[in-house]
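Enquirer: any chance you can model this:
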Amino acid sequence: MFLFAETPHAYLNGVALEVMANSDNVLRAGLTPKYIDIPELVANVKFEPKTR
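Expert: Down below sits the predicted model:
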């Protein structure tokens, strides 16, 4: 599976391995004890469905 930038994603079932380049450009949006910058997240994520 390949995801473009600005695409939120989640793993709902099974086992997954996420491979990413080394970067500090991470916006967290879920169940994490780490800082979640909500205004920055909303400004940078595209909330629109993809069609096949």
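
Enquirer: give me the distance between the most centrally placed residue in the chain and Leu31.
Expert: Most central in the chain under C-alpha atoms, centre = their mean is Pro8, positioned 3.7 Å from the mean C-alpha point. Distance from Pro8 to Leu31, counting by C-beta to C-beta, to the nearest Å: 13 Å. Backbone N, C-alpha and C define where each C-beta goes, glycine included.

Enquirer: ok, the residue nearest to the centre of the chain touching Asn44?
Expert: No: Pro8 lies out of contact with Asn44 (C-beta atoms under 8 Å); the separation is 10.1 Å.

Enquirer: quick check: chain neighbours aside, which residue is closest to the residue nearest to the centre of the chain?
Expert: Val45 (5.4 Å; C-beta to C-beta, 6 or more residues apart in numbering).

Enquirer: can you pull the pLDDT of Arg52?
Expert: You'll see Arg52 listed with a pLDDT of 68.

Enquirer: scratch that, Ala43 is what I was asking about
Expert: Looking at Ala43, its pLDDT stands at 91.

Enquirer: look at it and tell me its secondary structure.
Expert: Put simply, Ala43 is helix when judged by DSSP: H, G, I helix; E, B strand; the rest coil.

Enquirer: residue contacts, it?
Expert: Listed by C-beta atoms under 8 Å, 6 or more residues apart in numbering, Ala43 has no contact partners.

Enquirer: hmm, try it at 10 Å
Expert: Ala43 is in contact with 27, 37, counting by C-beta atoms under 10 Å, 6 or more residues apart in numbering.

Enquirer: how close does the residue nearest to Ile36 when sequence neighbours are not counted get to Ala10?
Expert: Take Ile36 and drop its neighbours on the chain: the residue closest to it by C-beta to C-beta, 6+ apart is Arg28, 4.9 Å away. As judged by C-beta to C-beta, Arg28 and Ala10 stand 12 Å apart.

Enquirer: those two: which has the busier surroundings?
Expert: Arg28 (13 against 8; other C-beta atoms under 10 Å).

Enquirer: and the more buried one, what pLDDT?
Expert: 84.

Enquirer: number of nearby residues for the nearest residue to Lys46 once chain neighbours are set aside?
Expert: Excluding its sequence neighbours, the residue lying closest to Lys46 (C-beta to C-beta, 6+ apart) is Glu6, at 4.8 Å. Applying other C-beta under 10 Å, we find 10 residues neighbouring Glu6.
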